[in-house]
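**Student:** The amino acid sequence is not available; the structure is as follows:
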């Protein structure tokens, strides 16, 4: 049975749309057709997509200036939302009510209540609501998952985890003067990059028992309510376990800092009873996507998604005689954000269970809201059981 490409409309032709969404829609013609984009006032024929990827990319593609027109187009099956974060809820709700499938960039909403509401609405309408948690397909995260899955008797196993640290740091002394710097709902580094870190740690370890957080505007510029630095501690108490994926009492530390002078930046530090994993540098896909001349490079260039060996992680393991053995843990599996889009297409066309569940993205927002509350009240909070 042939796969009928999904007619898609992308909302937003800024950095997100032009880097993380439109290239994949164009690079996977067996799964998607770019049917339309929403661009309020295109400065040139073909708009920003043609300016970025050439006029051929926009052949037969409609440019809508009104969201009402997008929703009224009966040919559009999938709406991709890559707009300012505080618009996600309303745009997604209207698309779902119109019977469209929806892919929503992170953070999916400003509040967990909004996210859970959208999930129930999508179920009632029989449409797919998919969160764009693409960093589950980072090369280094895929490598980390393989490491944590090693049996406890493997000499490279970390043993029982005692501490897990995951970071997204950068150095940016000035504001970029975009909507992300404005004091709007769901803005700030905790919502922006924290959403990725929280999603990854919940995928690995599940829901924590307690949470402690600090949020700051460390640069002291712009709105004090828009954080550019955060630390979130997720506390996982419990009895010792032989499995790294079912941890004993330990803490997951999530950090994002805007004034980190280092290259490459620290990415992961994972400590266990028999080893430590240290990783520098971030997945290469974002930089590659910003630099490609044509979306086809995603599927045709051999080095796409491949992390350089210089950024592979380092293991230090305790041997039987008490000495420490150092080795490299390779990021041998390429990063592959395209897998998210293929999974989305198969969920829509074949009814498979989606790899990133909407409820999981709602739980991410739940943790962010708890982090805000913890930081404001300067105390550790008990994480309530999953509703």
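**Tutor:** Okay, I see it. Predicted model only: the values in this text are computed from it and were never measured.
**Student:** Show residues contacting the strand or helix carrying residue 326.
**Tutor:** Using DSSP states H and E, residue 326 sits within strand 324-329. For strand 324-329, the external contacting residues (C-beta atoms under 8 Å, 6 or more residues apart in numbering) are 143, 147, 155-156, 277, 309, 312-319. For glycine as for every other residue, the C-beta is placed from the backbone atoms N, C-alpha and C.
**Student:** same thing but 10 Å
**Tutor:** 140, 143-144, 146-147, 155-156, 275-279, 309, 312-319 (C-beta atoms under 10 Å, 6 or more residues apart in numbering).
**Student:** I'd like the next helix or strand past it.
**Tutor:** Note on strand 324-329: by DSSP H and E, the next helix or strand toward the C-terminus is helix 338-350.
**Student:** sorry, back to before: okay, and which of the contacts of strand 324-329 map to helices?
**Tutor:** Under the assignment DSSP state H, these contribute 140, 143, 144, 146, 147 to helices.
**Student:** Kindly write the PyMOL command that selects the buried subset of the residues you listed.
**Tutor:** Remark: buried members of these, expressed as a PyMOL selection using 16 or more other C-beta atoms under 10 Å:
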select buried, resi 140+143+144+147
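**Student:** next helix or strand past the longest helix along the chain?
**Tutor:** For the chain, the longest helix by residue count, based on DSSP H, is helix 358-377. For helix 358-377, the following helix or strand on the C-terminal side (DSSP H and E) is strand 381-382.
**Student:** which stretches of the stretch 1-150 of the chain form helices?
**Tutor:** Here the stretch 1-150 of the chain has its helices, by DSSP state H, counting those that start in this stretch, at 15-16, 22-27, 47-53, 67-72, 88-97, 112-125, 139-148.
**Student:** how about those helices, which one is nearest residue 196?
**Tutor:** helix 139-148 (9.4 Å; C-beta to C-beta).
**Student:** Of the contacts of strand 324-329, which count as buried by neighbour count?
**Tutor:** Here, 16+ other C-beta under 10 Å leaves 140, 143-144, 147, 275-279, 312-313, 315, 317-318 buried among the contacts of strand 324-329.
**Student:** of those residues, closest to residue 73?
**Tutor:** Once C-beta to C-beta is applied, the member of these that ends up nearest residue 73 is residue 140, at 39.7 Å.
**Student:** Not counting sequence-adjacent ones, nearest residue to that closest one?
**Tutor:** Among residues not flanking residue 140 along the chain, residue 331 sits closest, at 5.1 Å (C-beta to C-beta, 6 or more residues apart in numbering).
**Student:** From what I see, the one you found and residue 143 are in contact.
**Tutor:** Yes - assessed by C-beta atoms under 10 Å, residue 331 is found in contact with residue 143 at 4.2 Å.
**Student:** for the residue nearest to residue 86 when sequence neighbours are not counted, what are its contacts?
**Tutor:** Spatially, and ignoring its direct neighbours in sequence, residue 86 is nearest to residue 185 (4.3 Å; C-beta to C-beta, 6+ apart). Residue 185 sits next to 84, 85, 86, 87, 88, 89, 107, 109, 110, 111, 114, 191 when contact means C-beta under 10 Å, 6+ apart.
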